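[1] Predicted model follows, preceded by the sequence.
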Amino acid sequence: MASVLQPDVGAARQDFYRRMDKDNLAPLWEVLHNLVPPAPATPCVPAHWKYRNVRPYVMEAGNIISAKEAVRRVVVLENPGMRGQSCITRSLYAGLQLILPGEVAPSHRHSQSALRFIVEGSGAYTAVNGERTTMHPGDFIITPSWTWHDHGNPGGEPVVWLDGLDVSIVELFSAQFMETYPQDSQPVTRGEGASYAMYGHNLAPLEPVAPFGKTSPVFSYPYARSRETLARLARERDPDTCHGWKMQFINPLTGGHAMPTIGAFIQLLPKGFRSASYRSTDGTAFVAAEGEGRATIGEQAFEFEPRDVFVAPSWQPVRVEATSECVLFSFSDRPAQQALGLWREQRG
Ligand code: 1HN
């Protein structure tokens, strides 16, 4: 009878697994359900970093190590579900970088793409392939893959920005490359604003050659322009029930996302706005640029204020209530998922 045979079947299987294990073989049926779950499964959990808690550590880092010695003096925002893995979502890295007056973070390049969202202070610059751009709070700045970049602060105050990188994506494909520039600072070969003037005003050179490949030739998107656009949009139409007034940063040469792996967004929520629930497969990191409110992500509610960071894992419902008028910057791996035909969203 089959019931009598069950224990033997179990023992036979264990013996089979042990023997095949020695030859680097394993039975799929033991792991199949974990490999293809019915809906997104991620170790990423909802989390919130209050800037008022994090800032003292960032400033203390400034006393403990120089930007030059650290190469990049950054406090990493580690997702509590993935401690030790230097990531805020399964695919993306985030950290708060500090550069003090007079410091230089030495030039290097890598295949990972980076974005910067300026959180505090003005007067530092980042240089990308020979052009510097001065940082102001709320600016969105891109370091395209494989471009030389260094940061400096000739100004008089500390400058802090949020870095977002596609570290885990590039690692997944084992496509990491990195080189150090022979000098701390690369030579300046173009005037400040050259890229923005050439590509950021609905004009492009005849037969434009994309200077940064699949990444936008505009590498600095000033907050003043983004904010003005949101204010104008708010006068022109009703807010979306899920997103308020939300825009994506684009590559003017393609109309698509500004970066091939990371999507960046900015949204305005009017005072008193309560969003409808929204979820998508791109786990998303948010930074509050202006205003206070409450973000409910899955089961957890976070009260945020300006400069706070919070993260929504893939497929967890997100709702935002704006106590005052809010501007949120956010980024995710949406372009990568869309390029691979994987991205899904669900409203309400
Ligand atoms: C990097 O190169 C920078 O260039 C910042 O500012 C953060 C995190 C991981 C790997 C490289 C930068 C980084 C990074």
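    Good, I have the coordinates.
[2] Can you report how many residues lie near E292?
    A total of 17 residues lie near E292 under the criterion other Cβ atoms under 10 Å. Using the backbone N, CA and C atoms, a C-beta is placed for each residue, glycine as well.
[3] do the same with L206
    4.
[4] What's the separation between it and the ligand?
    The gap separating L206 from the ligand is 33 Å, by Cβ to the nearest ligand atom, to the nearest Å.
[5] confidence score at that residue?
    Taken from the predicted model, the pLDDT recorded for L206 is 92.
[6] Need the phi and psi values for it.
    When quoted as degrees, to the nearest 10, the phi and psi of L206 stand at phi -60, psi 140.
[7] from the stretch 101-250 of the chain, which residue is nearest to the ligand?
    When Cβ to the nearest ligand atom is the measure, the stretch 101-250 of the chain has its nearest residue to the ligand at D163, with 4.3 Å between them.
[8] Just give me the neighbour total for that residue.
    Here the count is done by other Cβ under 10 Å, and D163 has 18 residues near it.
[9] Wait, a strand at it?
    Yes. Going by DSSP: H, G, I helix; E, B strand; the rest coil, the assignment for D163 places it inside a strand.
[10] In this structure it contacts L92, no?
    No. The pair D163 / L92 is not scored as a contact, 10.3 Å apart, by Cβ atoms under 8 Å.
[11] dump the residue contacts of F329.
    For F329, the contact set (Cβ atoms under 8 Å, 6 or more residues apart in numbering) comprises 117, 138, 140, 264-266, 286-287, 289.
[12] Roughly how far does it sit from V58?
    In this structure, F329 and V58 are separated by 18 Å, where distance is defined by Cβ to Cβ, to the nearest Å.
[13] Over to P37?
    37 Å.
[14] Comparing these two, which residue is more hemmed in?
    Taking neighbours as other Cβ under 10 Å, P37 and V58 compare with V58 leading, 20 against 9.
[15] isn't the more buried one right up against V75?
    Yes. Look at V58 against V75 with Cβ under 8 Å: they come within range, at 5.2 Å.
[16] For A194, which non-adjacent residue is closest in space?
    In space, A194 comes closest to E131 once its chain neighbours are excluded; the distance is 5.8 Å by Cβ to Cβ, 6 or more residues apart in numbering.
[17] quick one on the thing from earlier: the residue of the stretch 101-250 of the chain closest to the ligand bridge partners, please.
    In this structure, D163 bridges to G95, R116 when assessed by DSSP bridges.
[18] which ones are touching it?
    Taking Cβ under 8 Å, 6+ apart as the test, what D163 contacts is 72, 74, 93-97, 114-116.
[19] can you do 6 Å?
    95, 97, 114, 116 (Cβ atoms under 6 Å, 6 or more residues apart in numbering).
[20] Would you mind checking those for buried ones?
    Members of these that pass the buried threshold by neighbour count (16 or more other Cβ atoms under 10 Å) are listed as 95, 97, 114, 116.
[21] which of the residues you listed come close to the ligand?
    Subset of the buried ones among the contacts of D163 in contact with the ligand: 95, 97, 114, counting by Cβ under 6 Å from any ligand atom.
[22] for the last one, what are its contacts?
    The one in question is A114. A114 sits next to 143, 163, 165 when contact means Cβ under 6 Å, 6+ apart.
[23] do that again at 7 Å, thanks
    With contacts defined as Cβ atoms under 7 Å, 6 or more residues apart in numbering, A114 is in contact with 143, 163-165.
[24] For F265, see how far away it is.
    Where F265 is concerned, A114 sits at a distance of 17 Å (Cβ to Cβ).
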